[in-house]
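> Generate a structure from the sequence data that follows.
(one chain, ligands or ions: 2)
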Amino acid sequence: MPVELRNVSFTYAPGTPYEAQAVDDLSLTVCDGEFVGVMGKTGCGKSTLIQLIAGLISPSRGQILMDGEDINGRHFDRDRLRREVGVVVQFPEIQLFETTVRRDVSFGLRYFKWTEEEKEASVRQALGWMDFDYDAVKDLSPLGFSGGEKRRLAIAGVLAARPRILILDEPVAGLDPLGREAFLRLLGELNRNGTTILMVSHNADALAEYADRIVILKDGRLLRDGPTAEVFADYDALRANGAGVCQVREAAEALRRRGWKIPAGTVRYGQLLEYVSARKRQPAAGRNCAGAREDAPADSRNCADAREDAPADSRNCADARKDAPAGRCLL
Ligand SMILES: Nc1ncnc2c1ncn2[C@@H]1O[C@H](COP(=O)(O)OP(=O)(O)OP(=O)(O)O)[C@@H](O)[C@H]1O
Ligand SMILES: [Mg+2]
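Ligands and ions are numbered 1, 2, ... in the order given. Purely as a prediction, here's the structure:
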């Protein structure tokens, strides 16, 4: 049980006209190896929660325990927190300050008892993960990079320390689509290899794809905490609380309404694709929409029916998807 919040509250500027209660009596446990997504409207307390868990601020009330020890207790080893918990803050690029990329990305390793070779190998790998060529960038100034590149450099600096727990606050905002995909896949791989991940994001699809569990905050309190598919099934609560809905789930539900036997709780693109592809693996004679949808109700067994709201010129599979390989009729 690595991280546990017990009735944690946090108030900014208490006793002043600027007083703001950002986290309110919040209890939450993140277990070893989990990938937990955190969502909620702007201002609901997500970044404050991240900073509390990272030990950057201390609760006004309540406790935060790591492996059962209070991280704000007098005897807690704060170096252990720095070694084991990696934090990508909301705008990490503002923390770049060293004269070269190599110095910046290795900054977090300065007190690690690793050899210089081990440090260099880790920095090289972290930069590679973030799509940089170590030899090409190591001597450059971080200030000469673009906004998105600076963000990737800053994330590399956190990954280089190989944290056991990785906490990320909106890490994919500002990355281009390919960079975002690659980074999310990397997070998935780190998680499969044992890294515990807590990620704040407004990107519902990213969380649906990778998180085991979703936590939704509202006004500093816990509104929902449950398995990803269950939380995303609650469309109304998500919409009402400013959290994006999961497009894959919406597509799966639309197909279910049209008679496809897609399992409830389908939220991942791979799951949906697998199901749809399984239906297309038909003998040649079945390579048309009717064949691909043999389990659909009779009245929707052709593309025109299934796509009655599509523009006239795309109301058949061949037209709609003329660039798709034979038999890849999705609707
Ligand atoms: N430094 C600060 N001083 C005073 N109040 C603050 C401070 N930082 C945040 N707050 C307030 O605390 C509340 C929670 O802020 P927080 O930054 O944790 O929200 P958030 O969920 O991360 O929002 P966003 O999605 O916009 O990043 C907000 O009402 C905010 O105005
Ligand atoms: Mg925030």
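> residues contacting Pro171?
Neighbour list for Pro171: Val88, Pro92, Arg151, Ile155, Phe183, Met199, Ser201 [criterion: C-beta atoms under 8 Å, 6 or more residues apart in numbering]. Yep, even glycine has a C-beta here, placed from its N, CA and C like the rest.
> please redo it, this time with the cut-off set to 6 Å
Contacts for Pro171 (C-beta atoms under 6 Å, 6 or more residues apart in numbering) come out as Val88.
> Mind listing what's buried along the helix or strand hosting Asp135?
Using DSSP states H and E, the element containing Asp135 is helix 134-137. For helix 134-137, a neighbour-count test (16 or more other C-beta atoms under 10 Å) marks Tyr134, Val137 as buried.
> Give the closest residue to the residue of the stretch 101-250 of the chain found nearest ligand 2 in space, chain neighbours not counted.
Using C-beta to the ion, Asp169 is the residue of the stretch 101-250 of the chain that sits closest to ligand 2, at 5.8 Å. Of all residues not flanking Asp169 in the chain, Gln90 sits nearest, at 4.3 Å (C-beta to C-beta, 6 or more residues apart in numbering).
> and the one you found, how many neighbours does it have?
As a burial measure, Gln90 scores 15 neighbours (other C-beta atoms under 10 Å).
> contacting residues around it?
Counted by C-beta under 6 Å, 6+ apart, Gln90 has contacts Ser47, Asp169, Glu170.
> rewinding a little: isn't the residue of the stretch 101-250 of the chain closest to ligand 2 right next to Leu49, touching?
No - applying C-beta atoms under 6 Å, one finds Asp169 not in contact with Leu49, separated by 9.2 Å.
> More neighbours: the two, which one.
Counted by other C-beta under 10 Å, Asp169 and Leu49 do not tie: Leu49 has more neighbours, with 28 against 22.
> What is the subsequent helix or strand relative to the strand or helix carrying that one?
Taking DSSP H and E as the definition, Leu49 sits inside helix 46-53. Next helix or strand after helix 46-53 toward the C-terminus (DSSP H and E): strand 61-66.
> can you map out the helices along the stretch 151-300 of the chain?
177-192, 204-210, 228-233, 235-240, 247-257, 269-280, 289-292 (DSSP state H, counting those that start in this stretch).
> Ligand 1: which of the ones you listed is closest?
Smallest distance to ligand 1 across those (C-beta to the nearest ligand atom): 13.7 Å, for helix 204-210.
> Next one: Gly68 from ligand 2, what distance?
The spacing between Gly68 and ligand 2, counted by C-beta to the ion, to the nearest Å, is 28 Å.
> can you give me the strands in the stretch 1-150 of the chain?
Secondary structure of the stretch 1-150 of the chain (DSSP state E, counting those that start in this stretch): strands located at 3-12, 20-30, 35-39, 61-66, 69-70, 85-88.
> And those: which comes nearest Ser141?
Closest to Ser141 of the strands of the stretch 1-150 of the chain is strand 85-88 (C-beta to C-beta; 21.2 Å).
> What strands flank that closest one, and is each parallel or antiparallel?
strand 165-169 (parallel) (DSSP bridges).
> Between the helices of the stretch 151-300 of the chain, which has the poorest mean confidence score?
Of all those, helix 289-292 carries the lowest average pLDDT, namely a mean of 40.
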